[in-house]
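Colleague: take this sequence and fold it.
(one chain, ligands or ions: 1)
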Amino acid sequence: MSTDILLIRGAHVMAPEDIGIRDVLIACGRIIAIGDTIRPSGISFDTIDGRGRYLVPGLVDSLVHISGGGGEGGFATRTPPLIANAAFAAGVTTVIGALGTDDVTRNHADLLGTARALRSQGLSAYALTGSYRVPVRTLTGSVRDDLVLIPEFLGVGEVAVADHRGSQPTVAELARIGSDALAGGLLSGKSGTVLIHMGDHATGLAPLIAASSEFAVPIRQWLPTHINRQRRLLDEGVLWARQGGRVDLTTSTTPELIAAGDLPGAVALDVLFSAGIPSTQVSMSSDGQASLPVFDEHGRFKGLEIAPISSLIRDVQSAVRDFRWPLADVLATVTSTPAECWHLPQKGHIRVGADADLLLLDHDSLEITHTIAAGVSRDVFERRAVAQP
Ligand code: ZN
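Modeller: Here you go, the predicted structure:
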């Protein structure tokens, strides 16, 4: 019999910090007890044998184009919306959805509708107001009003900086967006974080540094992403983090992009950790459902493929397996750190009272064996494909 009470027995719990072998009891979508040995009596419950596995928080993905993205090679290159089962198969239980380059045929009403549809399937889906464009396009006419009035909106993004597809915002324009987001966040109990799409122009992070030094916008208001698209930008990210800023790495890439200078997420994480940047200031996101350009052997544009949300867990596995970083530190970049960045205290941790969004990973391969989202075990057959290195 299936119940909504679930006991996970004897797993090695990474919360994301290592709290050892524990039993974890889940009821009504929440974690209700963590202990050495839990044996509920007088109630019926399901059990998952966690022995030989890590129990970790469900992944929090700070950037997914949940309602589809792309379109940068014409209408035929638009990408489809995210499927909830693809997220579960990839271990992602919380997504932050955003528009991208296309805010003409894509809009916030559709983004919110998609987030709500995903929620009805058990995925914790949130969204951002704004898009690449400045002045920022919103639902109600203002960033501040959007954040206060629309529960799913957590912040703004992706606002494009140093990219030919953006609007080349001035420092004052960026500071205005940051201030409105901060005020809207304060009024609604949200972070109001502004996710910045970093392009590859030499401008780099200079406009953000100026916006936070010339105006009263804290450096923590910004979350620059795609910071691993070039070594030069990543090195700027190290300096930015040393000033207290957060950086976000993109895990979706292609061999062609890597040949052009893109650093895979695990490689870039190794650079940041080696430079002493703590996991509390680094997050990774998949940029799922974005379009990735593919070129033929002569370097000619061939078409686009869809950025996989599964790239997130692959880079977690690679950072631990190939670069030998502690699992707790690597996990923090896809659980506790993004949860803190977006002010989602119910997410990103295994603790009593938190939402029951959990993964079981094989102790050796870090392959996902179970995804539990909103307290329900998600039986997802695509999972096998995800875990292949
Ligand atoms: Zn982007």
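Colleague: what helices or strands is the strand or helix carrying Ala266 leaning on?
Modeller: According to DSSP states H and E, Ala266 maps onto helix 265-274. If contacts are counted by 3 or more CB pairs under 8 Å, 6 or more residues apart in numbering; DSSP states H and E, helix 265-274 sits against helix 231-242, strand 247-250, strand 282-285, helix 311-321. (Glycine included, C-beta is placed from N, CA and C.)
Colleague: show me which residues of that helix are buried.
Modeller: By neighbour count with 16 or more other CB atoms under 10 Å, helix 265-274 contains the buried residues Gly265, Ala266, Val267, Ala268, Leu269, Asp270, Val271, Leu272, Phe273.
Colleague: identify whichever of the helices and strands packed on helix 265-274 lies nearest to the ion.
Modeller: Judged by CB to the ion, the one of those that comes nearest to the ion is strand 247-250, at 7.6 Å.
Colleague: so for the top helix by length along the chain, what gets flagged as buried?
Modeller: Secondary structure of the chain per DSSP state H: the longest helix is helix 171-188. For helix 171-188, burial by neighbour count (16+ other CB under 10 Å) applies to 171, 173-182, 184-185, 188.
Colleague: helix or strand right after that helix?
Modeller: Proceeding N to C from helix 171-188, the next assigned helix or strand is strand 194-198, under DSSP H and E.
Colleague: work out the gap between that next one and the centre of the chain.
Modeller: Remark: strand 194-198 is offset 13 Å from the chain centroid, using CA atoms, centre = their mean, to the nearest Å.
Colleague: ok, now which ones touch the residue of the chain found nearest the ion?
Modeller: Of all residues in the chain, His197 sits closest to the ion, at 3.4 Å by CB to the ion. Residues counted as contacts of His197 (CB atoms under 8 Å, 6 or more residues apart in numbering) are Gly100, Tyr132, Gly157, Glu158, Val159, Ala160, Val161, Asp163, Gly166, Thr225, His226.
Colleague: compute the inter-axis angle for the longest helix of the chain and strand 194-198.
Modeller: Calculated by axes from the mean of the first three to the mean of the last three CA atoms, to 10 degrees, helix 171-188 forms an angle of 150 degrees with strand 194-198.
Colleague: report the distance from helix 171-188 to the chain centre.
Modeller: On CA atoms, centre = their mean, the centre of helix 171-188 falls 21 Å from the chain's centre.
Colleague: what residues does the stretch 51-200 of the chain have near the ion?
Modeller: For the stretch 51-200 of the chain, the contact set with the ion under CB under 5 Å from the ion comprises Glu158, His197.
Colleague: for the stretch 51-200 of the chain, what spans make up the strands?
Modeller: 53-57, 59-64, 92-97, 124-129, 153-161, 194-198 (DSSP state E, counting those that start in this stretch).
Colleague: do the stretch 251-389 of the chain as well
Modeller: Secondary structure of the stretch 251-389 of the chain (DSSP E, counting those that start in this stretch): strands located at 282-285, 291-295, 301-306, 358-362, 368-373, 376-378.
Colleague: of the ones you listed, flag the one that's most buried.
Modeller: Of all the strands of the stretch 251-389 of the chain, strand 282-285 has the most neighbours on average by mean count of other CB atoms under 10 Å, namely a mean of 28.
Colleague: picking that back up, JSON lines for the contacts of His197, including distance to Glu256?
Modeller: Listed next are the contacts of His197 as JSON lines, based on distance: CB to CB, whole Å:
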{"residue": "Gly100", "distance to Glu256": "19"}
{"residue": "Tyr132", "distance to Glu256": "22"}
{"residue": "Gly157", "distance to Glu256": "26"}
{"residue": "Glu158", "distance to Glu256": "22"}
{"residue": "Val159", "distance to Glu256": "26"}
{"residue": "Ala160", "distance to Glu256": "21"}
{"residue": "Val161", "distance to Glu256": "24"}
{"residue": "Asp163", "distance to Glu256": "18"}
{"residue": "Gly166", "distance to Glu256": "22"}
{"residue": "Thr225", "distance to Glu256": "20"}
{"residue": "His226", "distance to Glu256": "16"}
